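Trainee: give the three-dimensional model of this entry:
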Amino acid sequence: MLVAKLPNQQFQQMVPLLREKGFYEHAKPREISWPEYNLSQVKEISWILKSIKEAVDQSCALDSQGKVGRPLTDAKLLAKAVLLAEYLQSTERVSEGWADVLGPAVGVFEHLDDRVLGEAYGRVEVLHLLRQVFDKSKTSDGILSGDGTGLETSRKQNYENNKKAGGYMTSIVDSREVVQAFDISGKQECQIMFKLIEEAEGESLRLDAGFICRELAKRIDELGMTPYIFPKSNTKLNGSPAWKNMYLELYYDVWQWLKEYHQRSHCESFHSSFKRKNKPIHKLRAACQLGQILARIIIHNQRRQLYYKLLHHN
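Mentor: From the prediction side, this is the model:
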């Protein structure tokens, strides 16, 4: 039985051309629907505050063991206060005052000291609640993309020149830029992607050449998603059926494959928006950093949900 030889040499010669200038046709800029955008901005405050209250109230708090002395503040109140602080992008001292003014809108009816609020970011009960809120906020359209980015701890930090400074986040988002999964452990992004794909649900997943891995492509396929991983110039087609099919489709239908792959720009757009809209990460402890980033992603997802809800409603 004769087995057709894979076109490895021709494929490797084609890959560098995919990055050349002039290869792609110029696309018309997407028209912005300003009425929908403006309406979402106007309604954002009331929507976000209402969403914070409802999402936390519908979550289940962990049973915590009380301590002798001053009783612990209810975890749901703290979770709401943390989300409010990250939405307003204010420090704990300023958030103490804002919580008195806007607290009732999210269900916080008692005064919270700035030190109590600062410690809330790392409390297990609060993180448990925030994780539940995040899981409920990540509806998916199935068109997924993944990438990694550095997290600034200072506006003076230049990520390209100082990659080890600050943290690192790897995430998966859908084409609406709703975050489906993320990790801030700092582990190598290709390795952590094995964990993230287990948490995300979709029909396809797009990754850049930094995620070149035969086992990863195979696992994505096993989870029922079509992988689109940009190749390197030395990539060979030999491998599992998922690996071969992925690159044979690119080889025989370049434009259609690239059209699908370049929807990965939504992940880059999310990372850009996430860092532009938020101040640098100022928490020092790992648990507190997780709470801060988790709260910011929840707010981001709620903003995206509001925009598309208004868009479809009109």
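Trainee: the strands in the stretch 151-300 of the chain, which residues?
Mentor: 167-174, 179-183, 204-207, 226-229 (DSSP state E, counting those that start in this stretch).
Trainee: ok, the residue nearest the centre of the chain - contacts?
Mentor: Central residue of the chain (CA atoms, centre = their mean): Val179, 3.7 Å from the mean position. The neighbourhood of Val179, defined by CB atoms under 8 Å, 6 or more residues apart in numbering, consists of 134, 138, 171-173, 270, 297, 300-301. The C-beta positions use only the backbone N, C-alpha and C, and glycine is treated the same way.
Trainee: beta partners of it?
Mentor: Val179 has these beta-bridge partners by DSSP bridges: Val173.
Trainee: could you report the pLDDT at it?
Mentor: Per-residue confidence at Val179 stands at 97 (pLDDT).
Trainee: same question, Leu207
Mentor: 97.
Trainee: and it, how far is that from Asp183?
Mentor: As judged by CB to CB, to the nearest Å, Leu207 and Asp183 stand 14 Å apart.
Trainee: can I get the strands of the stretch 151-300 of the chain in a markdown table including distance to Asp253?
Mentor: Converted to a markdown table, those look like this (distance: least, CB to CB, whole Å):
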| stretch | distance to Asp253 |
| --- | --- |
| strand 167-174 | 24 |
| strand 179-183 | 27 |
| strand 204-207 | 15 |
| strand 226-229 | 12 |
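Trainee: looking at those, spot the one closest to Ser33.
Mentor: Across the strands of the stretch 151-300 of the chain, Ser33 has its closest neighbour in strand 167-174 (19.4 Å, CB to CB).
Trainee: quick check on Leu88: phi, psi?
Mentor: The phi and psi values for Leu88, taken as degrees, to the nearest 10, are phi -80, psi -10.
Trainee: that one against Ser95, yeah?
Mentor: Yes: with contact defined as CB atoms under 8 Å, Leu88 and Ser95 form a contacting pair (6.8 Å).
Trainee: ok, those two, which is more surrounded?
Mentor: Ranked by neighbour count (other CB atoms under 10 Å), Leu88 and Ser95 place Ser95 first, with 24 against 15.
Trainee: just among the contacts of Val179, which is most surrounded?
Mentor: When neighbours are counted by other CB under 10 Å, Val173 leads the contacts of Val179 with 31 neighbours.
Trainee: so it touches Cys267, yeah?
Mentor: Yes: the pair Val173 / Cys267 is scored as a contact, 5.1 Å apart, by CB under 8 Å.
Trainee: flag the shaky bits of the stretch 201-314 of the chain, pLDDT-wise.
Mentor: 313-314 (pLDDT under 70).
Trainee: run the last query once more with 90
Mentor: Low-confidence segments of the stretch 201-314 of the chain (pLDDT under 90): 281-284, 305-314.
Trainee: thinking again about what came up before, Glu260: which of the strands of the stretch 151-300 of the chain is closest?
Mentor: strand 226-229 (5.6 Å).
Trainee: from the chain's centroid, how far away is that closest one?
Mentor: Mean-position distance between strand 226-229 and its chain equals 18 Å (CA atoms, centre = their mean, to the nearest Å).
Trainee: before we move on, what about stretch 209-226?
Mentor: On CA atoms, centre = their mean, the centre of stretch 209-226 falls 19 Å from the chain's centre.
Trainee: follow-up on the earlier one: which neighbours do Val173 and Cys267 share?
Mentor: By the contact definition CB under 8 Å, 6+ apart, Val173 and Cys267 are jointly contacted by 145-146.
Trainee: by contact count, what packs against the longest helix along the chain?
Mentor: Across the chain, the longest stretch assigned as helix under DSSP state H is helix 286-313. Judged by 3 or more CB pairs under 8 Å, 6 or more residues apart in numbering; DSSP states H and E, helix 286-313 is in contact with helix 34-57, helix 75-88, helix 124-137, strand 179-183, helix 265-277.
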